[in-house]
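K.L.:
When you get a sec, could you give me coordinates for this:
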Amino acid sequence: MEELIKKAGILVEALPYIQKFAGKTVVIKYGGAAMIDDNLKEMVTADIVLMKYVGINPVVIHGGGPEISALMDRLGKKSQFYQGLRITDDETMELVEMVLVGKINQQIVTLINKHGGKAVGLSGKDGNLIQARKKNIPDRDLGWVGEVEAINPRIIITLHQEGFIPVAAPVGADINGNTYNLNADTVAGNLAAALQADKLVLLTDVAGILSQPENPQSLLSTLTVKGIETLIENKIISAGMLPKVDACIVALKGGVNKTHIIDGRIPHAILLEIFTDRGIGTEIVR
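P.N.:
Sure thing, here's the model as predicted:
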């Protein structure tokens, strides 16, 4: 009986959040260990389906860098990076699209549908969702590495209206039809802004933003954009966390209410962040 009462208490705690976010859009950047561990994959996709059933409109953006590198290794092609960006020649772009759109995207769609959702897989090319342009870096040609020029969210809105859960791969095209490899965090931030989402949630392999990067107990639960900029200046935020906080800043400046960087290795991390009083990870607000 005590266990049943505890479960009822959890539902009661979630009720005001369910009421608050009903009808709102939440963009989820899905990456890290939560895309690799089979148990976590089941939990994340079940969480997303639950969100839809209680009236929230989730949008999933996923990465896939490790799987791209693994395929390239099997084919005897060396992965090359510059400042964290994958140098993407013609052959690499073909492999990137094959892994992101043809494999990972469909795996996520299948898992969401398995849990009772209605997921639809997309790339940035579908419905002109993501208009991209070449990312120019002085004195270095990265090939088909792109950046977001514009987001046309109409296809996402249409899917939501029909009860579907959009799952998008970070591949876009320019006005001439050239295909580009895009950073999934950046895409998520821009898409959240274009949709005027209520929240942007980024799943990572760390607890959140730490005031002392080597100390997991130094988690900063809430930060402002100004606070983030200070941490970047002091080099406390660096490397792989930079695209994530940049995405949060883009989203917040574009009208998103709150952004969250959370540890996707924690079971049901999304639900814990959205539907509980304490939450987990770091929330970044204006």
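
K.L.:
what about residue 116, which helix or strand?
P.N.:
According to DSSP states H and E, residue 116 maps onto no helix or strand at all.

K.L.:
how many neighbours does it have?
P.N.:
Using other CB atoms under 10 Å, residue 116 is surrounded by 11 other residues. In this view, the C-beta of every residue, glycine as well, is placed from N, C-alpha and C.

K.L.:
Could you do residue 100 as well?
P.N.:
24.

K.L.:
swap in the one 10 residues further on?
P.N.:
Applying other CB under 10 Å, we find 12 residues neighbouring residue 110.

K.L.:
List the buried residues for the helix or strand hosting it?
P.N.:
Using DSSP H and E, residue 110 falls within helix 105-114. In terms of neighbour count (16 or more other CB atoms under 10 Å), helix 105-114 has its buried residues at 105, 107, 108, 109, 111, 112.

K.L.:
Kindly export it (C-alpha atoms) in PDB.
P.N.:
Written as PDB, here are the backbone C-alpha positions of helix 105-114 (Å, rounded to 0.1, in the frame of the first residue of the first chain):
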ATOM      1  CA  ASN A 105      16.300   8.600 -37.400                       C
ATOM      2  CA  GLN A 106      14.400   5.500 -38.300                       C
ATOM      3  CA  GLN A 107      15.500   3.700 -35.200                       C
ATOM      4  CA  ILE A 108      14.100   6.500 -33.000                       C
ATOM      5  CA  VAL A 109      10.900   6.600 -35.000                       C
ATOM      6  CA  THR A 110      10.500   2.900 -34.500                       C
ATOM      7  CA  LEU A 111      11.000   3.000 -30.800                       C
ATOM      8  CA  ILE A 112       8.600   5.900 -30.300                       C
ATOM      9  CA  ASN A 113       5.900   4.000 -32.300                       C
ATOM     10  CA  LYS A 114       6.600   0.900 -30.300                       C
END
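
K.L.:
who's in contact with it?
P.N.:
For helix 105-114, contacts defined as CB atoms under 8 Å, 6 or more residues apart in numbering pick out 30, 41-42, 45, 48-49, 60, 62, 119-123, 165, 167-169.

K.L.:
Report the next helix or strand after that helix in sequence order.
P.N.:
Note on helix 105-114: by DSSP H and E, the next helix or strand toward the C-terminus is strand 119-123.

K.L.:
Next, the residues that contact the helix or strand harbouring residue 189 from outside, please.
P.N.:
Element membership for residue 189 (DSSP H and E) is helix 184-195. Residues outside helix 184-195 that contact it (CB under 8 Å, 6+ apart) are 25, 27-29, 31, 59, 61-64, 124, 130, 147-148, 151-153, 156-157, 168, 170, 172, 197, 199-200, 202, 243-244, 246-251, 253-256, 259.

K.L.:
what is the mean pLDDT for that helix?
P.N.:
Mean per-residue pLDDT for helix 184-195: 97.

K.L.:
Off-centre distance for it?
P.N.:
Using CA atoms, centre = their mean, to the nearest Å, the mean C-alpha position of helix 184-195 is found 8 Å from that of the whole chain.

K.L.:
List the buried residues for that helix?
P.N.:
Applying 16+ other CB under 10 Å to helix 184-195 flags 184, 185, 186, 187, 188, 189, 190, 191, 192, 193, 194, 195 as buried.

K.L.:
Count the residues that sit near the closest residue in space to residue 180 that isn't next to it in sequence.
P.N.:
Excluding the flanking residues, the one nearest residue 180 by CB to CB, 6 or more residues apart in numbering is residue 146, at 2.7 Å. By the measure other CB under 10 Å, the count of residues near residue 146 is 28.
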